[in-house]
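# coords below, sequence missing:
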């Protein structure tokens with residue numbers, strides 16, 4: 001065999017090896033990206049979800065969620081709060097007090113996994129939060145079948161509520177509290193590198209929730225709470241970053257097909273508000289199913305603002321019409 005023939009064979013072998021490596025790398029990348037955006041939650045089902053004395057909600061996989069509020073057999077409407085990213089159920093304390101003695105309305109909220117008083121998970125994901133919310137909706141409807149279930153989502157929590165409303169027919173209505181329509185802050189180079197590198201490496205690298213207390217509330221006590229939360233619990237994984245993007249995109253895409261009444265309480269001084277994007281959001285729904293109320297001089301966390309009673313009354317009036 002002459003040298004030319006040998007070189008041709010070597011070229012063919014190298015070509016096959018390189019092609020195989022490219023296919024393998026693309027396959028690995030596809031698998032990583034699929035897992036990165038996946039909203040599937042593989043739970044080990046150990047029991048049926050249950051409420052424990054209105055203090056805890058034990059999920060199917062025996063994760064314990066801390067609760068705020070209580071359920072009532074007389075309630076025509078049961079509100080389930082979905083708190084903002086990086087925050088906790090305490091955002092709703094004033095709202096819970098407003099409905100505490102109202103026999104026609106009940107309110108309950110839970111700390112999402114890894115936030116508030118809950119035990120941290122090794123691999124946090126928003127798929128587990130959606131799993132928990134879906135469980136809670138079904139258990140409540142099973143016990144209080146005559147009550148309407150209304151999800152009330154704060155900031156990014158609105159998109160979680162919207163996704164749950166699309167997936168679960170037991171949801172009657174949704175309230176949005178300052179839905180996120182713009183991000184006023186940008187990630188630094190190190191965090192952008194983490195976000196990009198999660199396409200190839202670990203999905204569980206932590207990045208901060210971009211939120212500043214002074215920009216988000218007029219209530220100085222709550223400003224301090226926000227900043228404390230951001231320093232101690234205000235982190236999500238890169239996987240959660242991509243999951244939230246997918247949840248938001250799917251939720252908005254499905255709004256037209258959702259025959260669900262919606263109320264948007266929009267603070268006018270919300271740093272996360274983009275009027276053009278909000279109008280685009282409004283156009284995605286059935287307009288006869290939507291009401292929007294603007295609150296003057298209020299910042300993002302409307303339930304903690306001095307004028308929060310205006311929001312409470314609007315929600316009550318809208319829910320009981």
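That came in fine, so what should we check first? In this text the structure is predicted, and so the values were computed from the model without any measurement.
# only C-alpha atoms for contact and neighbour calcs from this point on.
Will do.
# For the stretch 101-250 of the chain, which residues score under the pLDDT cut-off?
Across the stretch 101-250 of the chain, nothing is flagged by pLDDT under 70.
# now the helices for it?
With helices called from DSSP state H, counting those that start in this stretch, the stretch 101-250 of the chain shows them at 126-143, 157-167, 189-197, 213-216, 220-232, 238-254.
# Of those, which is nearest residue 304?
For residue 304, the closest of those is helix 220-232, at 7.2 Å, according to CA to CA.
# now the closest one, how far from the centre of its chain.
Per CA atoms, centre = their mean, to the nearest Å, the displacement of helix 220-232 from the mean C-alpha position of its chain is 20 Å.
# Tell me which residues of that helix come out buried.
By 16 or more other CA atoms under 10 Å, the buried positions in helix 220-232 come out as 222-223, 225-227, 229-230.
# other SSEs contacting it?
helix 213-216 (3 or more CA pairs under 8 Å, 6 or more residues apart in numbering; DSSP states H and E).
# So which bits of the helix it packs on are buried?
Buried-residue list, helix 213-216, by 16+ other CA under 10 Å: 213, 215-216.
# Could you list the residues in contact with it?
220, 222-227, 270-271, 299-301 (CA atoms under 8 Å, 6 or more residues apart in numbering).
# follow-up on the earlier one: a markdown table for the buried residues of helix 213-216, including distance to residue 112?
Output for these, formatted as a markdown table (distance: CA to CA, whole Å):
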| residue | distance to residue 112 |
| --- | --- |
| 213 | 20 |
| 215 | 23 |
| 216 | 20 |
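# ok, so of the residues you listed, who is nearest residue 250?
Using CA to CA, residue 216 comes nearest to residue 250 of those, at 26.5 Å.
# Can you give me every residue that contacts the nearest residue to residue 116 once chain neighbours are set aside?
Excluding the flanking residues, the one nearest residue 116 by CA to CA, 6 or more residues apart in numbering is residue 88, at 5.0 Å. With CA under 8 Å, 6+ apart as the criterion, the residues that contact residue 88 are 110-112, 115-116.
# hmm, try it at 7 Å
111, 115-116 (CA atoms under 7 Å, 6 or more residues apart in numbering).
# Could I get the buried residue list for stretch 307-318?
Applying a neighbour-count criterion of 16+ other CA under 10 Å, one finds 308-309, 311-312, 315 buried in stretch 307-318.
# Let me see the contact set for residue 175.
Residue 175 touches 151-153, 262-264, counting by CA under 7 Å, 6+ apart.
# roughly how far apart are it and residue 234?
24 Å (CA to CA, to the nearest Å).
# Equivalent analysis for residue 148, please.
Taken as CA to CA, the span from residue 148 to residue 234 is 32 Å.
# got it, and residue 278?
For residue 278, the distance to residue 234 - CA to CA - is 25 Å.
# Those two: who's more crowded?
For residue 278 versus residue 234, the count of surrounding residues by other CA atoms under 10 Å is larger for residue 234: 21 against 17.
# which one is that one nearest to, not counting chain neighbours?
The spatially closest residue to residue 234, leaving aside those adjacent along the chain, is residue 86, at 4.4 Å (CA to CA, 6+ apart).
# ok, which stretches of the stretch 1-150 of the chain are strands?
50-52, 56-58, 64-70, 77-82, 105-110, 148-154 (DSSP state E, counting those that start in this stretch).
# can you check the stretch 201-321 of the chain too?
206-208, 235-237, 261-267, 290-295.
# packing partners for the second one?
What that stands for is strand 235-237. Applying 3 or more CA pairs under 7 Å, 6 or more residues apart in numbering; DSSP states H and E, one finds that strand 235-237 contacts strand 206-208.
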